[in-house]
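>>> sequence-free structure coming up:
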Ligand code: FES
């Protein structure tokens, strides 16, 4: 099949077997892709990439699901300003994932921030139809400022993709909430 997709900001048109997993495609076509495991079985989490903003195990995603997708490997994500919010949160909490899972956990954190953003945007647009509710307006304002805590359940669910237990869950929660606050503030300054 012909696969057309965007990888790390560049457009690709590749001829591949439709069942070929994404990590194999990346290894063959993206020189900088630095996956450091061959487990091919959803146990290590080292092959995680962002597909349309959501973290996914690239060893489990076949080519036929990728037409038109926007794919970011960690190497591509590191070059974006979004990575800086997470790196700043690592520094401020004084903890970060080990070198083995640093790329995958950073990608998962970005995926969580994207999901929370989407939920907040939906909530805000839902509230627009109910301008008389002060509680609703207050919640919307909290969401815009990044003040609301991100649910522990969501963090645990997303983080389950990475099997490495190098970092305390409580520190991960602090990092994710801080990164979201930094991102929200930066956005508020721009608007
Ligand atoms: S290569 Fe280990 S989970 Fe994908």
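The structure has been received and is ready for your questions. Remember, it's a predicted structure, so these values are computed and weren't measured experimentally. Residues are numbered from 1 along each chain as shown.
>>> to what extent is residue 63 buried, counted in neighbours?
21 (other Cβ atoms under 10 Å). Yep, even glycine has a C-beta here, placed from its N, CA and C like the rest.
>>> hmm, it is touching residue 15, no?
No. Applying Cβ atoms under 8 Å as the test, residue 63 and residue 15 come out as separate, 10.0 Å apart.
>>> residues shared between the contacts of the two?
1, 3 (Cβ atoms under 8 Å, 6 or more residues apart in numbering).
>>> residues near residue 189, how many?
7.
>>> list the buried residues in the host helix or strand of it.
Element membership for residue 189, per DSSP states H and E: helix 169-190. Across helix 169-190, burial judged by 16 or more other Cβ atoms under 10 Å covers 172-184.
>>> show me what it is in contact with.
Residues contacting helix 169-190 (Cβ under 8 Å, 6+ apart): 82, 85-86, 88-90, 92-93, 95-96, 105, 109, 112-113, 116, 144-147, 149-150, 152, 155-156, 159.
>>> show me which of the residues you listed are buried.
In these, the ones that pass as buried (16+ other Cβ under 10 Å) are 82, 85-86, 89-90, 93, 95-96, 105, 109, 112-113, 116, 144, 146, 150, 155, 159.
>>> which ones among the residues you listed lie within helices?
82, 85-86, 89-90, 93, 105, 109, 112-113, 116, 144, 155, 159 (DSSP state H).
>>> restrict those residues to those near the ligand?
Near the ligand, judged by Cβ under 6 Å from any ligand atom, there are no entries from those.
>>> I'd like those as TSV, with pLDDT appended.
What follows is those, written out as TSV (pLDDT from 0 to 100):
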residue	pLDDT
82	94
85	95
86	98
89	98
90	98
93	98
105	96
109	98
112	97
113	96
116	93
144	50
155	93
159	94
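>>> make TSV from these and add distance to residue 28 to it.
Formatted as TSV, those follow (distance: Cβ to Cβ, whole Å):
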residue	distance to residue 28
82	27
85	32
86	28
89	34
90	32
93	37
105	25
109	28
112	30
113	30
116	34
144	43
155	34
159	29
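>>> excluding chain neighbours, what is closest to residue 167?
residue 97 (5.4 Å; Cβ to Cβ, 6 or more residues apart in numbering).
>>> close enough to count as contact, the one you found and residue 164?
Yes. In terms of Cβ under 8 Å, residue 97 counts as a neighbour of residue 164; the distance is 7.1 Å.
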